[in-house]
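Q: Provided below are the primary sequence and the corresponding predicted coordinates.
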Amino acid sequence: MAGGSKIRDDKQEYQYSYPFVTPSGHEFTFYDTPENERLIVKHSSGSHIEFMADGSVQIRAVTDIHQVQGVMSSATSGSEQGSDVSLQRVDTDHTIEVGGKLNIRCSELNFEVGSKGSIICGTDLEMKANNILERANEAIDIESSKSIHFDTKEVKTSSVTNRTSQGVEESTSPWGGGGAGTALAEGKAAGYNVQHVKGNYVIKNDDPTGGITIVAAGYLNLICGQERLDLVGRYLPTGYTAEQRATWTQSVYIPVPPGPMNISKPGGDHWFQSASSSINTYATNMVSPLAGGAGFSESVVLGNHMSSTLVGNKLQVVGAGNKDTSVGLNIVSKCGAQEVHLAGAMFRVTAPKIFLN
């Protein structure tokens, strides 16, 4: 090429070139070939700026590019045009390719994206700040193919509806053998949700018309290492531990006011039903002073005490000791067939009058 230029262009007619080259190799060249006009400013090192025929500009540096601007910026002098200082505008696509690291240092950084924005990393993405705020007009999705970790001193959530779905196919049981682990061993789907708390754990619903429901299609285990209180019909936001009477306390009150969806009106009753036998064993190790020295204490304050055996026999066995029955008025015993009393030692009936028929 005329002028000793090392930039090749097969479409250039060199008779239209007007070069200017310094003894050290700096080049300033005009190319006026019709429909292929160019202007090149080249340094002796090979770095150059090239203005193409279509108006595009190529800047090529052999080593680094440093830009220092805005030393006397109008943004610092109070100019109304300060927001447009050092403006770089591209009306088409713009790609920045960096073979090494890309570092951006500034006092404030703002991104404004008109449509979709994406950040794709081959390995890790790290964000550090005093406060991080994320806002979305519709939805925020967090997806991880492996795990999600939260490590903080406090977590606060506020939502109208909260739904959590868990349960995946696992080849091994996280619980070990037996119970729900057996379902996993058989290839059934099961999830695993564990919450560890050091301190107090409270699930609280302050809506008197709302509720809390725990539904389990399989196993439901309630394990308590210390005392347990079941309080029904009385809402106490605080101070409910005053209702504690024993290691396990169950108290049922008449709700005030009664709930609109209550089945029992006015309420305060307790219903227990078992499809099979009910087995109760009391005082295996000690007799509590709360029962007045009795291994089993039962009191009916109002109404009658009724016990019915519809099919089968009613058997009462006193292994050691006496059976004492005290009645304020009358004892009425009705037997449709035969009543048999067997006493190993003595059977005594004491009354002012005894009628035998």
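A: Received it, and whenever you're ready, just let me know what you need.

Q: just the mean pLDDT for stretch 18-37, thanks.
A: Averaged across stretch 18-37, pLDDT comes to 87.

Q: could you list the buried residues of that stretch?
A: For stretch 18-37, burial by neighbour count (16 or more other C-beta atoms under 10 Å) applies to 19, 21, 27, 29, 31, 33. C-beta: built from backbone N, CA, C; applies to glycine.

Q: which regions of this structure lie under the pLDDT threshold?
A: Within the chain, the stretches with pLDDT under 70 are 1-10, 70-85, 168-190, 357.

Q: could you pull out the helices for it?
A: 180-185 (DSSP state H).

Q: spatially central residue for it, please.
A: With distances taken as C-alpha atoms, centre = their mean, residue 164 lies nearest the centre of the chain, 7.1 Å away.

Q: now it: how far from residue 191?
A: Distance, residue 164 to residue 191, using C-beta to C-beta, to the nearest Å: 10 Å.

Q: look up which residues are beta-bridged to residue 229.
A: Here residue 229 sits in beta bridges with residue 249, going by DSSP bridges.

Q: tally of neighbours for residue 17?
A: Neighbourhood size, residue 17 [other C-beta atoms under 10 Å]: 19.

Q: now it: how far from residue 36?
A: Taking C-beta to C-beta, one finds residue 17 at 11 Å from residue 36.

Q: what of residue 226?
A: From residue 226 over to residue 36 the distance is 90 Å, taken as C-beta to C-beta.

Q: okay, now the domains of the chain?
A: 1-61, 227-262 (automatic domain parsing).

Q: looking at the ones you listed, which is nearest to residue 103?
A: Closest of these to residue 103 is domain 1-61, at 17.1 Å (criterion: C-beta to C-beta).

Q: ok now the closest one, how far from the chain's centre?
A: Its chain's average C-alpha position is 63 Å from that of domain 1-61, according to C-alpha atoms, centre = their mean, to the nearest Å.

Q: do stretch 235-243 as well
A: With C-alpha atoms, centre = their mean, you get 28 Å for stretch 235-243.

Q: from here on, call the first residue 39.
A: OK, 39 is where the count begins now, so the last one is stretch 273-281.
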